[in-house]
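In: Below is the structure, and that's it, no one-letter string:
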């Protein structure tokens with residue numbers, strides 16, 4: 001991916017520095033230079049028309065258009081508002097007609113930067129006097145937020161508009177608006193910091209300074225990336241609207257960089273330093289205001305995606321090249337109605353996004369795409385599953401379609417602003433949608449795709465959730481959610497069960513990816529590439545979870561690597577320098593899952609015997625136990641020398657009823673409540689009482705016996721025997737047991753005969769046969 005730079009034939013600012021520029025809500029570019037002329041560029045970006053001119057001896061430094069707000073379209077038309085900061089310390093609130101509506105004396109010395117907050121209700125200004133101030137839309141001072149004592153050259157709002165980031169010499173400061181909240185401050189560069197930007201989408205910070213470096217930070221001030229030294233100071237940085245990349249500018253230089261910091265491309269020009277950078281809403285076009293009076297325009301091309309054997313490249317704004325690297329075949333897709341803004345490929349389907357359409361191509365038919373007409377709104381990203389894809393745009397939120405172009409649903413999620421959806425905060429499978437709550441990131445909403453309705457209450461975690469991912473292999477009740485929290489701990493949760501279960505898989509996780517077809521999870525953590533052959537083992541038999549995991553050193557990936565995909569038996573890892581490194585993973589777990597999915601257990605056992613890998617045997621043991629396949633589970637546990645579990649499985653096989661065996665397998669998976677519910681639903685009351693007694697859940701056993709008016713004496717007798725085994729000093733202390741012990745006679749002959757009668761009754765139930 002790279003930027004193609006072009007320049008108009010004539011300069012619009014007569015050789016004077018273009019101090020600032022910006023795009024209006026109607027996608028018109030305006031530029032403002034040291035000559036005081038405010039120009040509007042035509043649709044072709046070839047010519048500029050003078051709109052207004054600032055008063056004499058007034059030199060602009062920064063210009064910020066009032067933000068486009070959701071739902072602003074329609075209704076009575078009002079002029080756009082632009083705030084212009086100047087070297088005399090004044091902020092001039094100007095209408096799009098060029099008339100200055102109000103002049104505010106904001107700073108002593110030049111206004112160096114400004115910015116509207118997300119809803120346009122407040123304007124942030126900073127200046128050479130070292131002050132940071134917040135103003136109302138009408139120009140009334142709301143808060144003198146900070147006084148640093150050194151010039152503040154740049155500032156930015158946080159995504160929630162509840163913090164302000166600003167520079168102070170070589171320091172970066174994150175100041176909360178609440179006076180009692182803690183201020184974060186750290187040394188970010190070895191020289192004065194000139195420029196910063198904070199992405200409202202990915203919540204990352206980029207900074208540049210006189211040390212000739214740009215750096216990427218997370219919202220807590222932790223370094224993500226530091227560039228090498230350039231030839232000149234970094235004079236401009238700007239995130240694109242969808243947060244996937246940013247531009248960094250210096251003297252005669254422009255870099256397009258991934259959100260991880262590595263450089264997609266470097267372009268040279270001869271227009272001097274770039275002081276103003278502005279992206280269009282679709283993140284495909286960039287305008288640069290330069291020191292020699294040029295306004296340069298950059299077009300982003302060369303987007304590249306890979307899936308399986310396919311490589312897809314956006315070669316120009318309306319030409320896509322598709323290559324099958326295995327067969328060597330190639331297809332050229334062209335003649336789109338509008339410029340292509342995004343491409344996504346997975347599950348044998350290519351989704352192409354333009355400003356008005358989504359075109360869906362199949363690997364079996366590259367000539368007749370399915371076309372979906374888009375409503376007004378910019379698609380931020382695309383999610384794909386085996387049977388569906390979702391378009392996430394900044395106006396309408398999430399819309400789920402089938403690959404045939406049919407709208408499945410457009411679910412509305414509580415506490416969600418579509419402009420703040422990210423690929424990390426939204427996960428999709430064929431039947432489930434998961435979204436992190438934007439107001440309270442500890443909460444995760446789980447939504448049914450077909451109905452658009454929430455599945456139970458939101459899942460609540462102990463700390464903030466930062467990333468979610470759904471497996472694509474499980475059935476409706478076997479869907480699993482992997483998520484990473486603020487502490488970088490990796491957890492697994494059941495997504496669609498009435499009783500949610502959560503287990504911790506690992507810590508210090510930097511990146512994760514599910515296998516594209518099976519329930520296999522890969523993660524980069526602690527400088528290792530870790531693969532869980534069946535992560536749901538944590539719910540089936542957590543004791544053997546370590547045996548289902550393989551690890552390999554990941555030193556060759558460097559610092560902060562990212563897992564791009566996990567397809568087939570290959571993980572694709574992106575290094576911090578941008579290099580893609582394919583990494584082989586054992587193919588046998590995928591084969592094993594394929595056999596288990598078809599219930600071909602003999603074939604599954606055969607491949608484990610062939611490979612002779614304990615991890616594969618442990619995987620089969622967990623998968624078979626989860627599927628209640630006792631024979632395969634018994635053989636697998638024997639292979640990994642879990643003798644106690646082999647004996648327990650042998651006991652389960654002697655139980656005559658299917659419900660009894662199902663309950664024991666639920667108990668095997670530590671699901672006591674579910675096991676009891678299965679037994680009671682099947683009418684196996686005595687077995688439920690006996691199970692609680694064996695688990696020393698005496699109060700629950702007595703409660704069931706009283707409720708069903710049976711085996712009260714059995715529970716009391718077993719309790720007395722248990723106390724005797726504890727020694728002569730053991731005494732009954734439970735009021736319930738003391739009460740019924742004085743009322744019920746314990747006759748072991750009667751108890752034994754009732755137990756034998758229950759066993760005979762269970763053996764006589766219809767369909768009651770031992771497991772085979």
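Out: That came through, no problem. As the structure is a computational prediction, the values presented were derived from the model and not from experiment. Residues are numbered from 1 along each chain as shown.
In: Would you mark the buried spots in the one helix or strand residue 51 maps to?
Out: Using DSSP states H and E, residue 51 falls within strand 48-53. Neighbour counts over strand 48-53 (16 or more other Cβ atoms under 10 Å) mark 48, 51, 52 as buried. Placement of C-beta: from N, CA and C, glycine included.
In: Return the distance of the longest helix seen in the chain from the chain's centre.
Out: Longest helix in the chain by number of residues (criterion: DSSP state H): helix 748-763. Centroid displacement of helix 748-763 relative to its chain, using Cα atoms, centre = their mean, to the nearest Å, is 56 Å.
In: Which elements pack onto it?
Out: Using 3 or more Cβ pairs under 8 Å, 6 or more residues apart in numbering; DSSP states H and E, the elements in contact with helix 748-763 are helix 685-694, helix 712-725.
In: Please identify the most buried of those.
Out: Neighbour counts (mean count of other Cβ atoms under 10 Å) averaged over each of the helices and strands packed on helix 748-763 peak at helix 685-694, with a mean of 21.
In: Following element in sequence after that one, please.
Out: The helix or strand immediately downstream of helix 685-694 is helix 698-708, counting by DSSP H and E.
In: and that following helix with helix 685-694, angle?
Out: If you take axes from the mean of the first three to the mean of the last three Cα atoms, to 10 degrees, helix 698-708 sits at 160 degrees to helix 685-694.
In: could you check the angle helix 712-725 makes with helix 698-708?
Out: Angle of helix 698-708 versus helix 712-725, following the same axes, to 10 degrees, is 160 degrees.
In: What mean pLDDT does helix 698-708 get?
Out: Across helix 698-708, pLDDT averages out at 93.
In: What segments of the stretch 351-500 of the chain are strands?
Out: In the stretch 351-500 of the chain, the segments counted as strands under DSSP state E, counting those that start in this stretch are 357-362, 365-373, 379-384, 388-393, 397-402, 407-409, 426-428, 432-436, 443-448, 459-460, 465-470, 480-485, 490-494.
In: Out of those strands, which is closest to residue 188?
Out: Of all the strands of the stretch 351-500 of the chain, strand 465-470 sits nearest to residue 188, with 22.0 Å by Cβ to Cβ.
In: Next, the angle from that closest one to strand 432-436.
Out: Inter-element angle recorded for strand 465-470 and strand 432-436: 170 degrees (by the same axes, to 10 degrees).
In: distance between strand 465-470 and the chain's centre?
Out: Per Cα atoms, centre = their mean, the displacement of strand 465-470 from the mean C-alpha position of its chain is 5 Å.
In: Show me the helices in this protein, by range?
Out: Secondary structure of the chain by DSSP H: the helices cover 537-540, 588-597, 601-611, 614-626, 630-639, 643-653, 658-668, 672-681, 685-694, 698-708, 712-725, 735-741, 748-763.
In: got a markdown table for the strands of the stretch 351-500 of the chain, with mean pLDDT, distance to residue 156 and mean neighbour count too?
Out: Output for the strands of the stretch 351-500 of the chain, formatted as a markdown table (pLDDT from 0 to 100; distance: least, Cβ to Cβ, whole Å; neighbours: other Cβ atoms under 10 Å):
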| stretch | mean pLDDT | distance to residue 156 | mean neighbour count |
| --- | --- | --- | --- |
| strand 357-362 | 94 | 32 | 19 |
| strand 365-373 | 92 | 35 | 13 |
| strand 379-384 | 91 | 20 | 22 |
| strand 388-393 | 93 | 24 | 23 |
| strand 397-402 | 94 | 25 | 21 |
| strand 407-409 | 94 | 36 | 15 |
| strand 426-428 | 95 | 24 | 24 |
| strand 432-436 | 95 | 23 | 25 |
| strand 443-448 | 94 | 27 | 21 |
| strand 459-460 | 94 | 31 | 18 |
| strand 465-470 | 94 | 20 | 22 |
| strand 480-485 | 95 | 25 | 23 |
| strand 490-494 | 94 | 31 | 22 |
